[in-house]
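Engineer: take this sequence and fold it.
(one chain, ligands or ions: 2)
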Amino acid sequence: MEQILEADILKKLKANFGYESFRLQQGQIIENVLAKKDTLVIMPTGGGKSICYQLPALFFNGITLVISPLIALMKDQVDSLKANGIKATYINSSQSAEEQAKVFEDVATKAITLLYVAPESLPMLQNVLNQSYISCVAIDEAHCISAWGHDFRPSYKQLSFLKKSLPEVPIIALTATADKATQEDIVTQLAIPHADRFISSFNRENIALEVRPANERVQQIIEFVTKRPNEAGIVYCLSRKATEQLASKLQQKGIDALAYHAGMSFDERSATQEAFIKDDCTVVCATIAFGMGIDKSNVRWVIHYNLPKNIEGYYQEIGRAGRDGLPSDALLFHSYADVIQLRQFIENTGNKEVQEAKLDRMKQFAEATVCRRRILLSYFGEFIEENCGNCDVCNNPPTFFDGTIIAQKALSAIYRLQGKEAMGMVIDVLRGAQNAAVLDKQYQQLKTYGAGKDIAWRDWQHYLIQLVNQGFCQIAFHQRNALQLSNLAKKVLFEGERVELTKPQVVEETKVTKKAKKKTANTTLFDRLRALRYRIAKEEDIAAYLVFNDATLREIERERPQSATEFLAISGVGQRKLAVYGDEFMEEIKSFLNEKRKTKKDTTLETFKLYQQGHSVQEIGELRGLKTTTIFSHLSKLYLEGKDVSLDEFVTPAILKRVANAKKELKNETALKPYFEFLGEKVPYEQIRVALTILQKK
Ligand code: ADP
Ligand code: ZN
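Structural biologist: Ligands and ions are numbered 1, 2, ... in the order given. Okay, the predicted model is just below:
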């Protein structure tokens, strides 16, 4: 193949995908593939891996074979390509013989550009797997080939023969899992040891990180979701039962939530997934199984109802938010009960030590008092120089105070309870609770009983967890989670060592409230565009975000394009989408703008009516619930339009003269403030406005 010019690549990027420029290393990766070199791409979820093989496919003579593990995802990708005017299809065993024959024919005649197939269906392609038909092989989710990855799939093992059968065809392997051992395993097993590696940053800056204590989780989630109307999100729960219970509680509050877990039938799960992808349901309460097959780019938030087992899992799950690059939220609820439960799970599994170490790292993340993103990225071997400014710790740094007395009370209670009681009882004793459990054991006799009455239950929990984290006491997981003192505790109890504690955080939702308020006001242009997108998607039976993703929709809202050229300038709009959707969207913008103009016109006319009926400016303001300044601006407008409004009533000739003079001095200034100042701040704004209007007409 002759040299391909960068300009040609960029041209196709715009024409077929609608993008102006490349992200991250996309450009270099594409050049590498076009040069027919084997390539390994490690890029976070949402980084934009697909284009790395979809764009080169447009230049190759033969087809690009895409190996992808999930059939659900395949259909989505094919729909997305078709929406961009690219010929693509997939093959699997559930298709009829005729459908399959059609695919073979399309390959042989090169009528398609990309062909998607799951590894287990590869044998079906035996007859066409040769270099005259196939120009490139892309292997998505390549980490599935490695038993060291967290998502090993035996069917991936057979991919090792690809290089043998197609020695000259470049292979591009892509994954979002960075782990070094897995990387080596991928290139070895695929027999592409010399593949050029492109490893992008794992930082997903657009995802705001937040951790909250798990008190009244359900209530918190309801508030969180209610403040984000129409924003899609996923709540991950540990148990199947929790997903169902939460979904039904959310439904009771009028939120369209659905449950998803491995215990449901295949059909039920597909239905939930479909509804979510197509924007028919906004919230899915799911066990971790959900999200694997979902490419939905407009997931705006992810909540972890429970603490995840490890940071890999957590990161992968929050990564399902904000693939379109727009601001998104990741909220994690941290509870001690979860840690205890996860410990118990680990007890019964094979590599206990490794898992315990991973859980510890997860816990450290949840309890961090420094920038959470730094912790997260350092886990993946990436170090950033500055705090991120987009996590709860950065936004609301914890304040430390001298907590020595609090620590002494707590440790002394643990001491007097002889290391036999779990956190709940320790707190009850500290707070002097009168419940049966306490009284049965005669704990009211203890010296520390009630010594911490003045501190709320929840706050004690916060302090005790910190004492555990700082090593003054520990949880004996094998003795019903009893709290026990460590050697460090002696220093606090007997040597007066100072202990620093952080104040419990008060959860703030103000930022979001503002956003939500704006939304509820009127239907915005964005709402209208979204509704249109939804309708089109329904008609075409594809996912809404495949019409345009949220980032593109936002840009349309901002730019309000009114011609083909303007519409094409929007990022995410390529030739086909302009041709198919352009007119409808521009129509919608036009009618939105017209209605707005009309309501503006209507409001001045309403004022005029009342004016004609003889009401004073004051009265009109009161009747209409508007400020008098607004009424004056209506009257001024009407006056300029030639309506019968005698503005002269509102200013004396003397003031008119002074304003006229000011106008000369201020060289026809139009803003009001300079006049106000020029006139010694004595003439009210309204009168200045009226005077200027009269002068303008003259
Ligand atoms: P990944 O497969 O790495 O998770 P995708 O390929 O699905 O990511 O891309 C994620 C999102 O980013 C998609 O909505 C895609 O259209 C968008 N995207 C990809 N490349 C670009 C680009 N160069 N400019 C703007 N948006 C892009
Ligand atoms: Zn931060």
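Engineer: please compute how far stretch 686-695 lies from its chain's middle.
Structural biologist: In terms of Cα atoms, centre = their mean, to the nearest Å, the centre of stretch 686-695 is found 50 Å from the chain centre.
Engineer: how about stretch 230-245?
Structural biologist: 16 Å.
Engineer: anything in stretch 190-201 near ligand 1?
Structural biologist: No. Stretch 190-201 is not in contact with ligand 1 by Cβ under 6 Å from any ligand atom; minimum separation 9.2 Å. Heads up, the C-betas are built off the backbone N, CA and C, glycines and all.
Engineer: buried residues, that stretch. List them.
Structural biologist: Neighbour counts over stretch 190-201 (16 or more other Cβ atoms under 10 Å) mark Leu190, Ala191, Ile192, Ala195, Asp196, Phe198, Ser200, Ser201 as buried.
Engineer: just stretch 647-658 next, same as before
Structural biologist: Buried residues in stretch 647-658, counted by 16+ other Cβ under 10 Å: Leu647, Phe650, Val651, Ile655, Leu656, Arg658.
Engineer: ends of that stretch, how far apart?
Structural biologist: Distance across stretch 647-658, first residue to last, is 16 Å (Cα to Cα, to the nearest Å).
Engineer: please begin residue numbering at 77 from this point
Structural biologist: Right, with 77 as the first residue, what we last looked at is stretch 723-734.
Engineer: outside of that stretch itself, list whatever touches it.
Structural biologist: Residues outside stretch 723-734 that contact it (Cβ atoms under 8 Å, 6 or more residues apart in numbering) are 693, 708, 711-712, 715, 735, 755, 759, 762-763, 766-767, 769-771.
Engineer: likewise for stretch 522-534?
Structural biologist: Outside stretch 522-534, the residues that reach it (Cβ under 8 Å, 6+ apart) are 289, 291, 482, 485-486, 488-489, 492-493, 503, 505-508, 519, 536, 539, 580.
Engineer: Gln295 belongs to a strand, doesn't it?
Structural biologist: No. If the criterion is DSSP: H, G, I helix; E, B strand; the rest coil, then Gln295 is helix and not within a strand.
Engineer: before we move on, the earlier item: which single one of the buried residues of stretch 723-734 is nearest to ligand 2?
Structural biologist: Checking these against ligand 2 by Cβ to the ion gives Phe726 as the nearest, at 55.6 Å.
Engineer: go ahead and confirm Leu314 touches His380.
Structural biologist: No. Taking contacts as Cβ atoms under 8 Å, Leu314 lies outside contact range of His380: 9.2 Å.
Engineer: I'd guessed Gln259 sits against Ala271; true?
Structural biologist: No. Taking contacts as Cβ under 8 Å, Gln259 lies outside contact range of Ala271: 9.7 Å.
Engineer: any idea how far the closest residue to Lys158 other than its chain neighbours is from ligand 1?
Structural biologist: Nearest residue to Lys158 in three dimensions, chain neighbours excluded: Ala164, at 6.4 Å (Cβ to Cβ, 6 or more residues apart in numbering). Separation of Ala164 from ligand 1 (Cβ to the nearest ligand atom, to the nearest Å): 14 Å.
Engineer: same check on Thr302?
Structural biologist: From Thr302 to ligand 1 the distance is 27 Å (Cβ to the nearest ligand atom).
Engineer: now Pro305
Structural biologist: 22 Å.
Engineer: quick one on the thing from earlier: what is the nearest of the buried residues of stretch 266-277 to ligand 2?
Structural biologist: Using Cβ to the ion, the buried residues of stretch 266-277 come closest to ligand 2 at Ser277, 15.4 Å.
Engineer: got the contact list for that closest one?
Structural biologist: Contacts of Ser277 (Cβ under 8 Å, 6+ apart): Leu100, Pro120, Glu458.
Engineer: please repeat the previous calculation with a cut-off of 7 Å.
Structural biologist: Neighbour list for Ser277: Glu458 [criterion: Cβ atoms under 7 Å, 6 or more residues apart in numbering].
Engineer: please enumerate the strands of the stretch 227-376 of the chain.
Structural biologist: Residue ranges of the strands in the stretch 227-376 of the chain, as given by DSSP state E, counting those that start in this stretch, are 247-251, 272-275, 283-289, 308-312, 333-336, 359-362, 375-380.
Engineer: picking up where we left off before, out of the contacts of stretch 723-734, who's nearest Leu141?
Structural biologist: Relative to Leu141, the closest of those is Ser712; by Cβ to Cβ it sits at 69.0 Å.
Engineer: ok so, going back, tally of neighbours for the residue nearest to Lys158?
Structural biologist: Using other Cβ atoms under 10 Å, Ala164 is surrounded by 22 other residues.
Engineer: name the helices or strands packed onto the one helix or strand Arg765 maps to?
Structural biologist: For Arg765, the host element (DSSP states H and E) is helix 761-773. The helices and strands touching helix 761-773, judged by 3 or more Cβ pairs under 7 Å, 6 or more residues apart in numbering; DSSP states H and E, are helix 704-716, helix 729-741, helix 749-754.
Engineer: need the contact partners of the last one.
Structural biologist: Under the contact criterion Cβ under 7 Å, 6+ apart, helix 749-754 has outside partners Val735, Ala738, Glu741, Leu742, Tyr761, Ile764.
Engineer: now those residues: which count as buried?
Structural biologist: For the contacts of helix 749-754, buried by 16+ other Cβ under 10 Å: Val735, Ala738, Ile764.
Engineer: OK, contacts around the first one?
Structural biologist: Right, the one you point to is Val735. Tyr751, Ile764, Ala767, Leu768, Leu771.
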